[in-house]
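Visitor: Next one to model:
(2 chains)
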Amino acid sequence: MTSETLRVRRADRPAQPDDRIRRFTRHLLIIGFGLVMLYPLLWMVSSSFKPTELIFREPGLFPSEASFRNYTEGWGALAHPFEHYLLNSALIAVLAIVGNLLSCSLAAYAFARVEFPLKKLWFALMLGTIMLPVHVLIVPQYVLFSKLDWINTILPLVVPKFLAHDAFFVFLMVQFIRGLPRELDEAARLDGCGHFRIFGRIVLPLCLPALATSAVFTFIWTWNDFFSQLIFLTDPDKYTVPVALRSFMDAQGQTSWGPLFAMSIVALVPIFGFFLAGQRYLTRGIATTGLK
Amino acid sequence: MSRTTTVLRRRVPPETAAPPGPDRADRPRYSRRVRDGVTGYVFLAPWLVGLVAITIGPILASLYLAFTDYSLLKPPEWVGLANFAEMLSDDRLHKSLWVTFQYVFISVPLQLVMALGLAIVLNQGIRGLSFYRSVFYLPSLLAGSVSIAILWRQIFGQDGLVNDVLAKVGIEGQSWIAHPDFALGTLVLLNGWTFGAPMVIFLAGLRQIPSSYYEAAAVDGASRWRVFVHVTLPLLTPIIFFNLVLQVIGAFQSFTQAFVISGGSGGPADSTLLFTLYLYEEGFGSFHMGYASAMAWLLLVIIATLTALNFLFAKRWVFYGDE
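Guide: This next block holds a predicted model:
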C-alpha cells in the first residue's frame, strides 16, 4: 500500500537526470551507516570464535584463527552448565507469553467491545499504569512477594503476567480490536452469540496479528529483563540467562572475554530468532501503538 | 424465579433488547446493559485483580514506606519526613540526579535526531526499506540485554575495540569506561545507538502525511529544505512529541546498561550512578526500603513533572493537522 503511494509520488515529480546517482549515493550512505551500527554486534560474533589473545589484537571481523573453544569453555564456566540458565529463562518466557496473551486479550476485549459502568475510569487507569515507573512498585512488591515466600521462585516474574500487568499489550490489543469491523460481532449477536463466544470464536482469531506482536515482544522483553530477575532470583540455582551472564562477568573479570562473548551470543540467539520470525509484527506493533 | 424474569423483561427498553434467539427462550433475560456490565467485569477481572494487588496496593504501600524506616527485618517505623530531609543532604543522591539529567538530556535528543534523520532518508521511496528498517531496529531490541552491556564494556575498555581502531590512526586511547569524564558518554552512546524504535514510529508517521501536500509543494517549486521545514516537520510534530515523551520516560528508568558496565557500583567516582542504580543499591543492597521508596517517589515526581511540562509546552510547537 505504502510503496505504491510512494511510487505515485515519485512519478509525479518531474524526472531529474541525477536521480539515479542520488539514489545510488543514498543507498551507499545508508549501508555505510548500517554497517557502523551493526559493527559492534558483528565484531562480537567474530570475537566469540577467536582465541582470547586475538580479541585484543584484531579489530577486523574475520578471525585469522577460529574455533568453538570459547563456547565449550563458557558453557561450563559457571556452577551449572549453561543450558540450566537457558531452561530457567525459557520457562519464565513461555509462561509470560501465555499469561500476557490470555489476560491482556480479555481486558482488551472488555475495553474495546463491552459497555460497562466506570469503563472510562478503568481505561484511564490502565493507560496511566503504562507510564508508571517500575521503581515505585518494586519495593512493596518485593515485600509482598517475600511475605508470600515467593522470592527465589519464578512466581513474582510470572504471576503478574496472568494479571495483565503489562498494560502496554492491553492497549495494543484495544487499538487492534477497535479496528475490526463491528458488523461481525453484531451479526454473531443476532445469531444468539454472547460476548464469550464472540470473543473466543470471532475476535480472538481475528486478533492473531496483535497476539503475535504481543507474544514476540513478551518473549524479547522477558528474555532480556534483568532488573526484576536480579531482584527476585538471588539463588544461583534459579538464575536466568541475564543474571548468570552478569555473575559470569563478576567472577571472570577482564580475563576471559572469549567465553564471555560466546555465552553473550548464546543469550542473544533466541532474541535474534524471534526478531527474524516476527519483525513484521514488531515494527507494526511499535508503529500502531505509537500513532493512534 | 419466573417472577423476577418477568420483572426484568418488562424493564428492557424495546430498542436495546436482544432479539429473542430460539435457544435462550427458557433463560432469564436481563437487560443487555446489565448483562454487558457483568460480562465486562468478568473479562476485566484478571486485570482488576492485578491492578489492586500489584499496582495500586504497592503504590499506597510505597507511599507509606516513604515515611518510614524499614529494613524488612523489623516492622516499618514511622519517621515522618526524615527520608526526604535526608535527601537534601545526601551528596550521592545529588550526584545521581545530576548524572541522570545529563544522561537523559543528551542521549534522548541525540537518539531522536538520528531517528528522524534516518526515517526521512528511508522514506524517500527507497528500495529494500523493510530490510533497512529491520537493520536499524535490531539494536533497539537488543540494547537492554546484559550481552550488549558486556559488549559495550569491552568496546570502551582499555584493550577494547575503540582503542584498537584509534591505535590504527596513531592515537593512544585509554579505558573510557574507567575515566570519570568519559564513562557516562559511553552510556549516552549506547542509548543513542537504540534509535530504532522511535525511527519506526517516525516512518509510520511519515507515511500518513498525505501526498497531496507534497504535490502542492512541488507545484510551487519549493526546495527540498523548504518542503522539509514547512511541510514534513510541522505535520510530524505530534509524533516528535510522542517520541520525546516516551523516550524521556524510558531514559529516566535506564538501569541494566549502567549496572553491568560499572559492575553494579555506578563508578568510576559515581560518574555513571544513574538514579535507578542508587535506588537499587539503597533498597536491595543496603535494605533501606523506606529511603528507597522515598527515592522512587522523587523519581515519579520528576518524571511526572517533566511529562506535564512536555504537554504544557506542546501547545507552542505541536501542530495537529485537524485543528
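
Visitor: going forward, measure contacts between C-alpha atoms and count neighbours the same way
Guide: OK.

Visitor: can you pull the contacts of A:Val45?
Guide: A:261-262, A:265 (Cα atoms under 8 Å, 6 or more residues apart in numbering or on different chains).

Visitor: With A:Phe168 instead?
Guide: By Cα under 8 Å, 6+ apart, the contact set of A:Phe168 is A:127, A:130.

Visitor: Likewise for A:Leu206?
Guide: Applying Cα under 8 Å, 6+ apart, the residues contacting A:Leu206 are A:Leu180.

Visitor: Look up how far chain B lies from it.
Guide: 18 Å (Cα to the nearest Cα, to the nearest Å).

Visitor: how close does that residue get to B:Pro75?
Guide: Between A:Leu206 and B:Pro75 the distance is 51 Å, computed by Cα to Cα, to the nearest Å.

Visitor: max-length helix in chain B?
Guide: Identified as the longest helix of chain B according to DSSP state H is helix B:91-122.

Visitor: Quick one: name whatever helix or strand follows it.
Guide: Next in sequence after helix B:91-122, counting helices and strands by DSSP states H and E, comes helix B:129-142.

Visitor: what's in contact with that following helix?
Guide: With contact meaning Cα under 8 Å, 6+ apart, helix B:129-142 is reached by A:30, A:34, A:37-38, A:220, A:224, A:268, A:271, A:275, A:279, B:122-123, B:148, B:193-197, B:199-200.

Visitor: before we move on, the earlier item: quick one: the longest helix of chain B to helix B:129-142, angle?
Guide: For helix B:91-122 against helix B:129-142, the angle between stretch directions is 170 degrees (axes from the mean of the first three to the mean of the last three Cα atoms, to 10 degrees).

Visitor: How far off centre is helix B:91-122?
Guide: Remark: helix B:91-122 is offset 12 Å from the chain centroid, using Cα atoms, centre = their mean, to the nearest Å.

Visitor: what residues are up against whichever residue of chain B sits closest to chain A?
Guide: Closest contact between chain B and chain A, by Cα to the nearest Cα, is at B:Gly37 (4.1 Å). Residues near B:Gly37 by Cα under 8 Å, 6+ apart: A:114-117.

Visitor: for the record, mean pLDDT for the helix or strand hosting it?
Guide: Using DSSP H and E, B:Gly37 sits in helix B:32-50. For helix B:32-50, mean pLDDT is 92.

Visitor: Just give me the neighbour total for A:Pro259.
Guide: When neighbours are defined as other Cα atoms under 10 Å in any protein chain shown, A:Pro259 has 28 of them.

Visitor: An error on my part: the question was meant for B:Gly264.
Guide: Neighbours of B:Gly264 under the rule other Cα under 10 Å: 20.

Visitor: Phi, psi for residue 277 please.
Guide: This is for chain A. phi -70, psi -30 (degrees, to the nearest 10).

Visitor: burial measure for it, as a count.
Guide: A:Ala277: 12 surrounding residues under other Cα under 10 Å.

Visitor: Let's see the pLDDT reported for it.
Guide: 90.

Visitor: residues making contact with the following helix or strand past the helix holding B:Gly37?
Guide: Next helix or strand after helix B:32-50 toward the C-terminus (DSSP H and E): helix B:57-65. Helix B:57-65 is contacted from outside by A:136-141, B:51, B:76, B:289-290, B:293-294, B:297, using Cα under 8 Å, 6+ apart.
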